[in-house]
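Participant: Mind folding the following:
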Amino acid sequence: ASVAWVAFTDTVPDPTTDAISAGVDILTKGDFDCLIALGGGSPIDTAKAMAVLATHGGAMRDYKVPNQVDHCDYPIIAIPTTAGTGSEVTRFTVITDTETDEKMLCMGLAYVPQAALVDYTLTVTMPWRLTADTGIDTLTHAIEAYVSKKQNPFTDSIAKSCMALVSRHLRTACNQPNNTSAREAMMLAATQGGMAFSNASVCMVHGMSRPIGAHFHVPHGLSNAMLLPAVTAFSAPHSAGRYADCARAMGTADDRDNDDTAVKKLLNELTGLNQDLKVPSPKAYGIGDNTYFSLLETMAEQALASGSPANNPRVPNAQEIVAIYEKIWE
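Facilitator: Take a look at the predicted model:
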């Protein structure tokens, strides 16, 4: 169509402020009117941050929560190639501050893409590990949206649909990568999960997950998976009915099970899913114990500062977060 365009290809997993700055330089020096974000959550989050910084200037840390940005001069068209983050439909971006290793949550309507082109055939070539990690990320989005203090009837319905799809199709998508029914179901689930948590917020798992990713470069879905069973066990007694609903939506429990039984079945399923998808502990992942344990208090502070744990059914203090980090170590 003879439309002038330039590709910014220096995106990185878990986008950093350095990568964003490089992208903003290209964006502001050219005569561009929009961005097309093609890839997983990291390229989409990169485009969101580039658009906001190119519009408003400053540094990315100026925009982390609780600050909110609702205007942006550059529309974004998001084309996800992974089935996990749901970033194509969310009002969030997560950027790591290169200077401090803090994984910053930024939010506002400025980060919502103008259009999302969701095509599951783009995910068929995802490798096994990426399929597993992004799939558990999707499940975490749905569970946390459902138990969040900000849940509502709209998010409840799509969160439960998302949980049902993941529980039925994630293992198949991993083990039969060319199974188009499983791939399509996981792509739908990812977008539903994104819509759910964008309107109800995530909770404690995500709050604790971001520091693990920032300090040790663990992929986001994988750090969620490391935490999900332990955080669920910590939180469930304060919202047994909600977590029991999750178990029923996933087909792990049924209406004959009381809430306590359903919650036990949910915990067993989350543990079993991690085993089936070969989720390592932080120790097994290769994180050095001296480094890990020396950063626990810092990570707890960063988790709380993100605001996400405040949405949790049971709001933790720093010591309780440190205890869970210690519990998941091995």
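Participant: alpha carbons only for contacts and neighbour counts from here, please
Facilitator: OK.
Participant: then stretch 128-144 to CSV, C-alphas only?
Facilitator: Extracted in CSV, the C-alpha atoms of stretch 128-144 (Å, rounded to 0.1, in the frame of the first residue of the first chain):
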residue,chain,number,x,y,z
TRP,A,128,6.8,-26.9,24.6
ARG,A,129,8.2,-24.9,27.5
LEU,A,130,6.7,-21.6,26.2
THR,A,131,3.3,-23.3,25.7
ALA,A,132,3.4,-24.6,29.2
ASP,A,133,4.5,-21.3,30.8
THR,A,134,2.2,-19.1,29.0
GLY,A,135,-0.7,-21.5,29.6
ILE,A,136,-0.2,-21.4,33.4
ASP,A,137,0.1,-17.6,33.1
THR,A,138,-3.4,-17.7,31.6
LEU,A,139,-4.8,-19.9,34.3
THR,A,140,-3.3,-17.6,37.0
HIS,A,141,-5.0,-14.6,35.3
ALA,A,142,-8.3,-16.3,35.5
ILE,A,143,-8.0,-17.6,39.1
GLU,A,144,-6.7,-14.3,40.4
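Participant: List the buried residues in that stretch.
Facilitator: Across stretch 128-144, burial judged by 16 or more other Cα atoms under 10 Å covers 130-144.
Participant: can you name the two of those residues that are farthest apart?
Facilitator: 130 and 144 (20.9 Å; Cα to Cα).
Participant: Residue 164 contacts residue 245, doesn't it?
Facilitator: No: checked against Cα atoms under 8 Å, the pair residue 164 and residue 245 is beyond contact range at 11.1 Å.
Participant: residue contacts, residue 329?
Facilitator: Counting by Cα atoms under 8 Å, 6 or more residues apart in numbering, residue 329 makes contact with 281-283.
Participant: try residue 166
Facilitator: Residue 166 touches 135, 138-139, 185-186, 189, 250, counting by Cα under 8 Å, 6+ apart.
Participant: rerun at 10 Å
Facilitator: Going by Cα atoms under 10 Å, 6 or more residues apart in numbering, residue 166 touches 135-136, 138-139, 142, 172-173, 182, 185-190, 250.
Participant: Give me the common contacts of residue 164 and residue 245.
Facilitator: 251-252.
Participant: Low-confidence bits of the chain, can you list those?
Facilitator: Judged against pLDDT under 70, the chain has no low-scoring part.
Participant: ok, of the contacts of residue 166, which one's closest to residue 293?
Facilitator: residue 136 (25.3 Å).
Participant: Spell out the secondary structure type for residue 280.
Facilitator: Here residue 280 is coil, with the state taken from DSSP: H, G, I helix; E, B strand; the rest coil.
Participant: do residue 73 as well
Facilitator: Strictly by three-state DSSP, residue 73 counts as coil.
Participant: Quick check: bridge partners of the nearest residue to residue 115 once chain neighbours are set aside?
Facilitator: Counting by Cα to Cα, 6 or more residues apart in numbering, residue 77 is the residue found nearest to residue 115 once chain neighbours are left out, at 4.9 Å. Using DSSP bridges, the beta-bridge partners of residue 77 come out as residue 36, residue 115.
Participant: so which strand or helix has residue 171?
Facilitator: Residue 171 belongs to helix 153-175 when assigned by DSSP states H and E.
Participant: State the next helix or strand along the chain beyond that helix.
Facilitator: Assigned by DSSP H and E, the successor of helix 153-175 is helix 180-200.
Participant: now the angle between helix 153-175 and that following helix, please.
Facilitator: 150 degrees (axes from the mean of the first three to the mean of the last three Cα atoms, to 10 degrees).
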